[in-house]
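*Asks:* Pasting a predicted model and its sequence here:
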Protein chains: 2
Amino acid sequence: MDTLHVNADTKTYPVYIGEDLRYDVNRFLSKTYTAILIITDDCVGSHYLQDVKQALAHDRVFTHTIPAGEEAKSIDIFYQLQTKAITCGLDRQSLILALGGGVVGDAAGFVAATFMRGIDFVQMPTTILAHDSSVGGKVAINHEQGKNLIGSFYPPDAVIYDINTLHTLSNKEVRSGYAEIIKEALLGDADFFHELINQRLASLTNRQLTDHIRKGINIKASIVEQDERESNIRKFLNLGHTLGHALESLLGYGKWTHGELVAVGLLFAIRVSEKSFSTNLPFDELYTWLKNNGYPLALPVIDPGDVLSKMKLDKKAFNSEVQMVLLQAVGRPSMAEVDDCALLDYLESFFEELTHRN
Amino acid sequence: MDTLHVNADTKTYPVYIGEDLRYDVNRFLSKTYTAILIITDDCVGSHYLQDVKQALAHDRVFTHTIPAGEEAKSIDIFYQLQTKAITCGLDRQSLILALGGGVVGDAAGFVAATFMRGIDFVQMPTTILAHDSSVGGKVAINHEQGKNLIGSFYPPDAVIYDINTLHTLSNKEVRSGYAEIIKEALLGDADFFHELINQRLASLTNRQLTDHIRKGINIKASIVEQDERESNIRKFLNLGHTLGHALESLLGYGKWTHGELVAVGLLFAIRVSEKSFSTNLPFDELYTWLKNNGYPLALPVIDPGDVLSKMKLDKKAFNSEVQMVLLQAVGRPSMAEVDDCALLDYLESFFEELTHRN
């Protein structure tokens, strides 16, 4: 088992990563709680809920299962979860335990952040992608008019990552999670990046999964620790997301995963970086690795103008020019404002290149 | 104008107290905001909203009026306010300004705490009682099953107290606010307590109002600063509230104000303190002052057993015995667990005494 410690601005919390930790979850709780409410979704719950419930060996463990998928981050389910917490008699010395991916973590975390003005919160991520949301303290639900618009900064009290719960993930979900790990490597660790692109996702061992998740978390944590409030360097974490989010919104959620579109966004950020800094970056290596590992790189025909409009609508970019994270080198990110004309050019030639290569 | 500074655990914020500050509100904002949303209720709004809006002299000021009263702290109105903030195009560099009493402060504060994971929040309290909720950083809405169950700790960025907005308060509201000021004096400052009980509420000057609110805030702030998370000495602020809350819940909200019942609770806490510590406390002086200032001290007949049950249900007391704040002397509070039999005796003789005196 690997243990690391993340410093949030209000507390330091441990992240445990290893095999079969779900059978031993009690060992990782730092307190005795008056009651524990496990929140999970109907997919994950059917695989792992009983294991965790049994391992807690507590006579006041309650469970609540929400539907799998982004729709569960609604105000109605938020209120249902609050009702559940009250009905079960949770108090300020109780715990909410999120068993699932990013959606469960976000929704359960926001309930923990706001139930009686905040109670303890432990995450047990069951996707690779959730390694990302388990660091940084962001919890939120969606508003009909936008994702994650209602939320808080509320770091967990512990993260317990059972690597064996990742074997039930689909290939799509593995790809989605690894796009964020690739992003973290590009931001902070050139050696790690090269290690990753020499690795086939289909043949990952538990030891490799553990290493990769730990390294990804470490890079993200070191960025977040320097900037708990997303004002400056935290923006680096948006590498690949300027185009990624715009594509998600244009192509609709569901067919491509978040990470798959972030992967396309990473390629784009690398191309723009090469042109902006007149330098060579490992575009070809990343492209080949993505292709070999089944990432969908053939996008439908999209108008670069529509993409630009979406980029400008992104809630993090109310300025007139689009802010992008670029790379001066692997491991050396920087922010740049890219004017609309240049961005349109970049988008056009990037889409052409993707079509041409396919 | 008086200025004081409150240290919350995440920031220090100023409290400005003085006459006609609403005409000058711009001067007290520390930043230039992209947009400002004023949240008020239909009572306060009709008196002061235009003054504040004009004084802000900003081309993106929006307003939203919620119904006056506790019912406005609902999940539905919370969501409406989030929708309003989105529709008006508020972003992370925008401000929510709460113009009103405790309900407006709580509801608007919780929206500010959770909109895009937290934006700036300024309070303009328009009741005396709200001096209490403007310190301590508690913001919350109600759940159908209990008050303030959904919320956060989220201190404001500034509190702007225009003393002249207090002249539209009813006598009941003045009494309600002063009960909390009396409580603060009992907790922290014997001289202040004696000053207060030599003062008739009907003849308060603006200078006295300013002084009393400032002293009350100072006492509360010094307690909260030592304990931002309500685990230890912050509990002292519940002086008078153990019985006060139980009576509120038994007698129904509305006929008696919160502060009026806290006043009865203060008398009770003093009597129990006298018996527990075999000491003399200013019960008679406080009783006479409350009587002379129109506080309703003649309660309907209540079964002490019902009161005890309510006390035990209080969300802050899940232990088997009721915790009460007692006074070893004026200015020297301490916590005590009072066993059920003793508490029943105290309640019975206290209710008899009230009936007898009336």
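*Replies:* Looks like it came in fine. Numbers count the residues shown, from 1 in each chain, chains lettered A, B, ... in the order given.

*Asks:* roughly how far apart are residue A:276 and residue A:338?
*Replies:* Counting by Cβ to Cβ, to the nearest Å, the separation of residue A:276 from residue A:338 is 8 Å. For the C-beta atoms, the positions are set from N, CA and C on the backbone; glycine is no exception.

*Asks:* any residues in contact with both of the two?
*Replies:* Listed as contacting both residue A:276 and residue A:338 by Cβ atoms under 8 Å, 6 or more residues apart in numbering or on different chains is no residue at all.

*Asks:* give me every residue that touches the residue of the stretch 151-300 of chain A found nearest chain B.
*Replies:* In the stretch 151-300 of chain A, the residue found nearest to chain B is residue A:151; the distance is 4.7 Å by Cβ to the nearest Cβ. Counting by Cβ under 8 Å, 6+ apart, residue A:151 makes contact with A:106, A:110, A:113, A:138-141, B:114, B:116-117.

*Asks:* Filter those down to just the ones in helices.
*Replies:* Taking DSSP state H as the definition of helices, the contacts of residue A:151 contribute A:106, A:110, A:113, B:114.

*Asks:* Quick check: of these, which has the highest neighbour count?
*Replies:* residue B:114 (29 neighbours; other Cβ atoms under 10 Å in any protein chain shown).

*Asks:* For it, which residues are in contact?
*Replies:* Applying Cβ under 8 Å, 6+ apart to residue B:114 gives the contacts A:114, A:150-152, B:82, B:152.

*Asks:* Low-confidence regions, the stretch 151-300 of chain A specifically.
*Replies:* Along the stretch 151-300 of chain A, the parts satisfying pLDDT under 70 run over A:228-231, A:253.

*Asks:* Within range of chain B, give me the residues from it.
*Replies:* Proximity of the stretch 151-300 of chain A to chain B, by Cβ under 8 Å from any Cβ of the partner chain, involves residues A:151-153.

*Asks:* Helix, strand, or coil at the closest residue to residue A:358 other than its chain neighbours?
*Replies:* Leaving aside its sequence neighbours, residue A:358 sits nearest to residue A:298 (Cβ to Cβ, 6 or more residues apart in numbering or on different chains; 4.6 Å). When classified by DSSP: H, G, I helix; E, B strand; the rest coil, residue A:298 comes out as coil.

*Asks:* these two touch, right, residue A:298 and residue A:354?
*Replies:* Yes. Between residue A:298 and residue A:354 there is a contact under Cβ atoms under 8 Å: 7.1 Å.

*Asks:* the more surrounded of those two?
*Replies:* Set residue A:298 next to residue A:354 and count neighbours by other Cβ under 10 Å: residue A:354 wins out with 16 against 8.

*Asks:* how about that one, what does it touch?
*Replies:* Residue A:354 sits next to A:264, A:267, A:297-299 when contact means Cβ under 8 Å, 6+ apart.

*Asks:* Filter the contacts of residue B:114 down to just the ones in strands.
*Replies:* The strands, defined by DSSP state E, take in A:150-152, B:152 from the contacts of residue B:114.

*Asks:* I'd like the residues you listed laid out as CSV, including distance to residue A:193.
*Replies:* Converted to CSV, the ones in strands among the contacts of residue B:114 look like this (distance: Cβ to Cβ, whole Å):
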residue, distance to residue A:193
A:150, 35
A:151, 31
A:152, 33
B:152, 39
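
*Asks:* Now a ChimeraX select for only the buried ones of the residues you listed.
*Replies:* To isolate the buried members of the ones in strands among the contacts of residue B:114 in ChimeraX, using 16 or more other Cβ atoms under 10 Å in any protein chain shown:
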select /A:150,151,152 /B:152
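
*Asks:* tell me which of the ones in helices among the contacts of residue A:151 is nearest to residue A:247?
*Replies:* Using Cβ to Cβ, residue A:106 is the member of the ones in helices among the contacts of residue A:151 that lies nearest residue A:247, at 21.2 Å.

*Asks:* quick one, what contacts that closest one?
*Replies:* A:73, A:133, A:138-141, A:148, A:151.

*Asks:* show me where chain A has helices.
*Replies:* Under DSSP H, chain A gives helices at A:42-56, A:75-87, A:102-114, A:130-133, A:171-188, A:190-197, A:206-226, A:241-251, A:258-277, A:283-292, A:304-313, A:340-357.

*Asks:* Could you say which of those is packed most deeply?
*Replies:* helix A:102-114 (a mean of 27; mean count of other Cβ atoms under 10 Å in any protein chain shown).

*Asks:* relative to helix B:102-114, how tilted is it?
*Replies:* Following axes from the mean of the first three to the mean of the last three Cα atoms, to 10 degrees, one obtains 150 degrees for the angle between helix A:102-114 and helix B:102-114.

*Asks:* what separates helix A:102-114 from the chain centre, distance-wise?
*Replies:* Relative to the mean C-alpha coordinate of its chain, helix A:102-114 is positioned 14 Å out (Cα atoms, centre = their mean, to the nearest Å).

*Asks:* quick one, it and helix A:171-188 angle?
*Replies:* Using the same axes, to 10 degrees: helix A:102-114 against helix A:171-188 is 70 degrees.

*Asks:* what two of the contacts of residue A:106 are the furthest from one another?
*Replies:* It's A:133 and A:141 that sit farthest apart of these, by Cβ to Cβ, at 13.3 Å.

*Asks:* Report the central residue of chain A.
*Replies:* What sits nearest the mean C-alpha location of chain A, by Cα atoms, centre = their mean, is residue A:132, with 3.6 Å.

*Asks:* Report the contact partners of the residue nearest to it when sequence neighbours are not counted.
*Replies:* Leaving out its chain neighbours, the residue that sits closest to residue A:132 by Cβ to Cβ, 6+ apart is residue A:180, at 4.6 Å. Listed by Cβ under 8 Å, 6+ apart, the contact set of residue A:180 reads A:128-129, A:131-132, A:216, A:259, A:262.

*Asks:* at 10 Å instead, please
*Replies:* A:128-133, A:216, A:220, A:237, A:239-241, A:258-259, A:262-263, A:266 (Cβ atoms under 10 Å, 6 or more residues apart in numbering or on different chains).

*Asks:* so what sits against both of residue A:133 and residue A:141?
*Replies:* With Cβ under 10 Å, 6+ apart as the test, residue A:133 and residue A:141 both reach A:103, A:106, A:109.

*Asks:* Number of residues surrounding the closest residue in space to the last one that isn't next to it in sequence?
*Replies:* If I follow you right, that is residue A:109. Leaving aside its sequence neighbours, residue A:109 sits nearest to residue A:139 (Cβ to Cβ, 6+ apart; 3.2 Å). Per other Cβ under 10 Å, the neighbour tally for residue A:139 reads 29.
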